[in-house]
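Trainee: Provided below are the primary sequence and the corresponding predicted coordinates.
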Amino acid sequence: MDVHEAIRIRKSVRAFLDRPVPEETLGRVMDAARLAPSARNGQEWRFVVVRDKATRERIAREAARQPFIGTAAILLAGCAETDGRIMRCGQAAYPIDLAIAMDHLSLAAVAEGLGTCWIGSFDEAVVKQILGIPAAIRVVQLMPLGYPADAGPVAKSRLPMEQIVRRETW
């Protein structure tokens, strides 16, 4: 599968099969995140891979109140070990860099027949407590990872190109 196909068929998966993800498959998906670019090559991203069902369900219940995230074979906590660097454009580097890595990961997951869902609605303090994440580490995103219960395509509603693209000036 080429990257364009992965982009076209990627969808937010909220129902997963009760099927483990082989370690080799997880390794390829995580390597895609590791190979992502980052500001000044800082590579501030860190990941907690949660396979334990009770822990996944606890995070789903106590931190996100989204039960489906506990049903995936794996829950990833996308974290940042950051020095707080602000890029010249005025933006913090770590959330952007982590988003790039997680996007690489989500597209690699599609190529492996896996599904993901971006989760930004969670209580960071609760996730840190459950997973034993140090205070200095930021938890930026959660992402369930597993085999989708429905492998079919989903229609995507997107703005037309002429509404989102400007040429030469605004």
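Mentor: Arrived safely, thanks for sending.
Trainee: List the contacts of the helix of greatest length in the chain.
Mentor: Criterion DSSP state H: the longest helix present in the chain is helix 93-111. Contacts of helix 93-111 with the rest of the structure, by CB atoms under 8 Å, 6 or more residues apart in numbering, involve 1, 3, 6-7, 9-10, 28-40, 42-45, 76, 78-80, 82, 84-87, 115-116, 118, 138, 140-141, 143, 145. All C-beta spots, glycine's among them, are computed from the backbone N, C-alpha and C.
Trainee: now the helix or strand following that helix, how far from the centre of its chain.
Mentor: Later in the chain than helix 93-111, the nearest helix or strand by DSSP states H and E is strand 115-116. Taking CA atoms, centre = their mean, to the nearest Å, one finds the center of strand 115-116 at 9 Å from the center of the full chain.
Trainee: Kindly export the helix or strand that strand 115-116 is followed by (C-alpha atoms) in CSV.
Mentor: Downstream of strand 115-116, the next assigned helix or strand under DSSP H and E is helix 124-131. Backbone C-alpha positions of helix 124-131 (Å, rounded to 0.1, in the frame of the first residue of the first chain) are rendered in CSV as follows:
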residue,chain,number,x,y,z
GLU,A,124,-3.5,14.2,31.8
ALA,A,125,-3.0,14.0,35.6
VAL,A,126,-5.0,10.8,35.8
VAL,A,127,-3.2,9.2,32.9
LYS,A,128,0.2,10.1,34.5
GLN,A,129,-0.9,8.6,37.8
ILE,A,130,-2.2,5.3,36.2
LEU,A,131,0.9,4.9,34.0
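Trainee: Any buried residues in helix 124-131, and which?
Mentor: Residues of helix 124-131 classed as buried by neighbour count (16 or more other CB atoms under 10 Å): Glu124, Val126, Val127, Lys128, Ile130, Leu131.
Trainee: ditto for stretch 23-33
Mentor: Along stretch 23-33, the positions that meet the burial threshold by neighbour count (16+ other CB under 10 Å) are Thr25, Leu26, Val29, Met30, Ala32, Ala33.
Trainee: Start from the N-terminal end of the protein and give the helices.
Mentor: Secondary structure of the chain by DSSP H: the helices cover 3-9, 23-34, 53-58, 93-111, 124-131, 161-164.
Trainee: what is the rounded mean pLDDT of the shortest one?
Mentor: Mean pLDDT, computed over helix 161-164, is 96.
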